[in-house]
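**Student:** return a 3D structure for these sequence lines:
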Amino acid sequence: MRITAAQRLQNENPIRAAIDRLRRGEIPPGRCDVKTLTAEAGVDRTAFYGDRLTSG
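**Tutor:** Numbering: from 1, shown residues only. Predicted coordinates for the structure are as follows:
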């Protein structure tokens, strides 16, 4: 099942916020991959696959 546009935004907005924090230096340097960013954003990384639903 594909995620809806609203579900996609629920996933993207926290990721974008985490990326902005990373750019501002508010996230300690280190690994910068999908797993790390989704953990920082509090989003299930599997939600970015087309056939998964958002978590929570």
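
**Student:** only C-alpha atoms from now on, for both contacts and neighbour counts.
**Tutor:** Fine.

**Student:** using CSV, write out every CA atom in the helix with the most length in the chain.
**Tutor:** The longest helix of the chain (DSSP state H) is helix 5-23. C-alpha atoms of helix 5-23 as CSV (Å, rounded to 0.1, in the frame of the first residue of the first chain):
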residue,chain,number,x,y,z
ALA,A,5,0.5,12.8,0.5
ALA,A,6,-0.3,13.6,4.1
GLN,A,7,1.6,10.7,5.4
ARG,A,8,4.6,11.6,3.2
LEU,A,9,4.5,15.1,4.7
GLN,A,10,4.4,13.7,8.2
ASN,A,11,7.6,11.9,7.4
GLU,A,12,9.3,14.6,5.4
ASN,A,13,8.8,17.5,7.8
PRO,A,14,10.7,16.0,10.8
ILE,A,15,13.5,14.9,8.4
ARG,A,16,13.8,18.4,7.0
ALA,A,17,13.9,19.8,10.5
ALA,A,18,16.7,17.3,11.4
ILE,A,19,18.6,18.3,8.3
ASP,A,20,18.3,22.0,9.2
ARG,A,21,19.6,21.2,12.8
LEU,A,22,22.5,19.3,11.2
ARG,A,23,23.3,22.3,8.9
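
**Student:** which parts of that helix are buried?
**Tutor:** Judged by neighbour count using 16 or more other Cα atoms under 10 Å, the buried positions of helix 5-23 are 8, 11, 12, 14, 15, 18, 19, 22.

**Student:** show me what that helix is packed against.
**Tutor:** Where contact means 3 or more Cα pairs under 8 Å, 6 or more residues apart in numbering; DSSP states H and E, helix 5-23 is packed against helix 34-41.

**Student:** buried stuff in the lowest-mean-pLDDT helix or strand in the chain?
**Tutor:** Here the helix or strand of the chain ranked lowest by mean pLDDT, DSSP states H and E is helix 34-41, holding a mean of 82. For helix 34-41, the neighbour count (16+ other Cα under 10 Å) marks 37, 38, 40, 41 as buried.

**Student:** excluding residues flanking it in the chain, which one is nearest the second one?
**Tutor:** The shortest distance from residue 38 to any residue other than its chain neighbours is 5.6 Å, reached at residue 45 (Cα to Cα, 6 or more residues apart in numbering).
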